[in-house]
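J.: when you get a sec, could you give me coordinates for this:
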Amino acid sequence: MNIAYYIQTKSEVAFLYEDFTFRQGLEKMRYHGYTAIPVLSTDNKYIGTISEGDFLWYLIDDSNEEIQKITMKSIEEMKIKDILTDDKNPPVKITSTIEELLTRAMDQNFIPVIDDRDYFIGIITRRDIIKHFLNKKESI
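T.: Residues are numbered from 1 along each chain as shown. The predicted structure follows:
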């Protein structure tokens, strides 16, 4: 089964660029109602996923001297790439199998999909994967 059938393309998905500001990231997540969102490099390669928790932990990290004086101006100067931690949401290649997606969906709400050159092309949601298997079960 070709996973491309289930993909929500980049043009349909909210994402952030690594050079967006802290404030832009929070505003985009709030606007779309997401708790996690893909982060791309300026050349559209998938870098990782940032979550609400990443923003929160960055703010309360005692070792972060910038945060001691939070102002709207300081939030405008912080970049997403400074907040992004190890990627907890690794991508799959477009050539992956539906079974591999199912394994990933146990730990992730969505799975980022990249092409052979590591360019971000979209996501596949846990909901779409579950629907696939429910429809498959009903057709048996």
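
J.: contacts, neighbours, all on C-alpha from now
T.: Will do.

J.: so where do the helices sit in this structure?
T.: 22-32, 52-60, 72-77, 80-83, 98-105, 126-138 (DSSP state H).

J.: so which of these comes closest to Y6?
T.: Smallest distance to Y6 across these (CA to CA): 6.6 Å, for helix 126-138.

J.: name the helix or strand of the protein that has the lowest mean pLDDT.
T.: Using mean pLDDT, DSSP states H and E, helix 72-77 stands out as the lowest-scoring helix or strand of the chain, at a mean of 72.

J.: ok, back up a step: just put the helices of the chain in TSV and tack on distance to Y6 and mean neighbour count.
T.: Formatted as TSV, the helices of the chain follow (distance: least, CA to CA, whole Å; neighbours: other CA atoms under 10 Å):
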stretch	distance to Y6	mean neighbour count
helix 22-32	20	16
helix 52-60	26	14
helix 72-77	36	12
helix 80-83	28	18
helix 98-105	10	15
helix 126-138	7	12
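
J.: quick one: contacts of stretch 83-102?
T.: 1-4, 46-50, 54-55, 58, 108, 111-116, 118, 129 (CA atoms under 8 Å, 6 or more residues apart in numbering).

J.: residues in contact with the closest residue to I7 other than its chain neighbours?
T.: Using CA to CA, 6 or more residues apart in numbering and skipping the chain neighbours, the partner closest in space to I7 is I124 (4.9 Å). Contacts for I124 (CA under 8 Å, 6+ apart) come out as Y6, I7, Q8, F110, I111, P112, V113.

J.: list the residues that contact I37.
T.: By CA under 8 Å, 6+ apart, the contact list for I37 reads A14, F15, L16, M29, T49, I50, S51.

J.: recalculate using a threshold of 7 Å.
T.: Contact analysis of I37 by CA atoms under 7 Å, 6 or more residues apart in numbering lists A14, F15, T49, I50, S51.

J.: quick one: which of the residues you listed has the most company?
T.: Neighbour counts for the contacts of I37 peak at I50, which has 26 neighbours (criterion: other CA atoms under 10 Å).

J.: report the beta-bridge partner residues of it.
T.: Using DSSP bridges, the bridge partners assigned to I50 are I37.

J.: since that was my last question, I'll sign off now.
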